[in-house]
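Peer 1: Requesting a structural model of the entry that follows:
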Amino acid sequence: MKRRPTIIDVAKKAGVSKTTVSRVITGDGANVREETYQRVQEAIEELSYTHNAVASSLRTDHTNIIMLSLPDITNPFWPAVARGVQDRMETEGYAVVFANSDWDPQREKMFLEMARRNRFDAILINPVSVSNDELKMTHIPTVLIGSHEDFPDFDIVGSDSYGATQLALSHLYDFGHRRIGLIRGKRQSRPGHSRLRSYEDFLQGKGLPLDNSLIVRVPFDEVGGRQALRQLLTLSHPPTAVLAANDILAIGALQAAHESGLSVPDQLSIVGIDDIFAASATTPSLTTVAKPQYEIGRQAAEFLLDHLG
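Peer 2: Down below sits the predicted model:
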């Protein structure tokens, strides 16, 4: 196998010192003569030399790599967030490594250890089970994405899930619904109470009774959404409308409604939250509350860059 060319090989071919080559490669070539600069560039091209970023990171303690850890990259909400992160970080010369935890606490811890072991410069994370103190112990600049109330030591970028729930419930209330079901997403760890709290506050504000049988907690996927609606439909007094914690759950509920022969929205209204692309492709199109996915990603990246300074 042919040996990979080194910075010494480039220096010999260009007839300059290794320090001069290093200055050209790292962009610190202001004091390098134009003729010398061109010779170095030609040598790099002829030898197909690639700068060893790993070796540089050992000297500078920077890898220009960050980790984006998400619970489920197959959820259509996250790709736009990830794109917002990547677009912003790329402009500053950072690469983004995606880590999909699959809602698994052990996988999440494994990825965090990987980030620490490989000297990643920073972490963006939507936590599954890791705690505030555990994140602090990584000693890596970290920003959280999502709605989290138990991370006082970190910047957090998310959307107003409480307000989105209020907006969706107001929409259903204005259409005459008084018995509204809530499909919550079940996480492996922290429950995420903002939607539930908003639901309870809304009912109290409207003078409506709280019926716990109308609240169903299922996994964050379409199967969970179908399961939840089937359960709600078995009630002696089923809801006339359902709010799902996200569009994936709402689409599952919509499928279950069709399977049960119910006409949506004539016989049952269903509302989701997120406004993913698939919401517009259902029959009928899903009513949903939009969240600024791409902007969330970009803002999280901005906060992270502030920390990296």
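
Peer 1: Walking through the chain, point out its strands one by one.
Peer 2: 65-70, 95-100, 122-125, 142-145, 155-157, 180-186, 215-219, 241-244, 269-274, 287-290 (DSSP state E).

Peer 1: Turn those strands into CSV, including mean pLDDT and distance to Leu208.
Peer 2: Any C-beta I mention is one placed from the backbone N, CA and C, and that applies to glycine too. Output for those, formatted as CSV (pLDDT from 0 to 100; distance: least, CB to CB, whole Å):
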stretch, mean pLDDT, distance to Leu208
strand 65-70, 95, 36
strand 95-100, 94, 39
strand 122-125, 96, 37
strand 142-145, 94, 33
strand 155-157, 92, 31
strand 180-186, 91, 8
strand 215-219, 93, 13
strand 241-244, 97, 12
strand 269-274, 95, 16
strand 287-290, 94, 20
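
Peer 1: Most tightly packed of these?
Peer 2: Greatest average neighbour count among these goes to strand 241-244 (a mean of 29), per mean count of other CB atoms under 10 Å.

Peer 1: Each with direction, which strands does that strand pair with?
Peer 2: If you go by DSSP bridges, strand 241-244 pairs up with strand 180-186 (parallel), strand 269-274 (parallel).

Peer 1: Adding distance to Trp78 as columns, could you present the ones you listed in CSV?
Peer 2: Formatted as CSV, the strands paired with strand 241-244 follow (distance: least, CB to CB, whole Å):
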stretch, distance to Trp78
strand 180-186, 14
strand 269-274, 10
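
Peer 1: Ile145 and Leu229, how far apart?
Peer 2: Look at Ile145 and Leu229: by CB to CB, to the nearest Å, they are 29 Å apart.

Peer 1: And for Asp247?
Peer 2: Distance, Asp247 to Leu229, using CB to CB: 14 Å.

Peer 1: And the two? Which one has more around it.
Peer 2: Between Asp247 and Leu229, Leu229 has the larger neighbour count (other CB atoms under 10 Å), namely 31 against 28.

Peer 1: just checking, that one touches Gly252?
Peer 2: Yes - if you go by CB atoms under 8 Å, Leu229 and Gly252 touch, sitting 7.4 Å apart.

Peer 1: what about this structure, any weak spots by pLDDT?
Peer 2: Within the chain, the stretches with pLDDT under 70 are 1-2, 26-30, 51-62, 187-192.

Peer 1: Which helix in it has the most residues?
Peer 2: When the chain is parsed with DSSP state H, its longest helix is helix 293-308.

Peer 1: buried residues in that helix?
Peer 2: Buried residues in helix 293-308, counted by 16 or more other CB atoms under 10 Å: Gln293, Ile296, Gly297, Arg298, Gln299, Ala300, Ala301, Glu302, Phe303, Leu304, Leu305.

Peer 1: Tally up the residues packed near Gly309, please.
Peer 2: If we define neighbours as other CB under 10 Å, then Gly309 has 5 of them.

Peer 1: meant to ask about Phe202
Peer 2: If you count neighbours by other CB under 10 Å, Phe202 ends up with 21.

Peer 1: Now do the contacts for it.
Peer 2: Counting by CB atoms under 8 Å, 6 or more residues apart in numbering, Phe202 touches Thr165, Gln166, Leu169, Ser170, Tyr173.

Peer 1: which of those residues are buried?
Peer 2: Thr165, Gln166, Leu169, Tyr173.

Peer 1: Can you tell me the closest non-neighbouring residue to Val128?
Peer 2: Glu108 (4.7 Å; CB to CB, 6 or more residues apart in numbering).

Peer 1: My error: substitute Glu200 in the last question.
Peer 2: Leu210 (6.1 Å).
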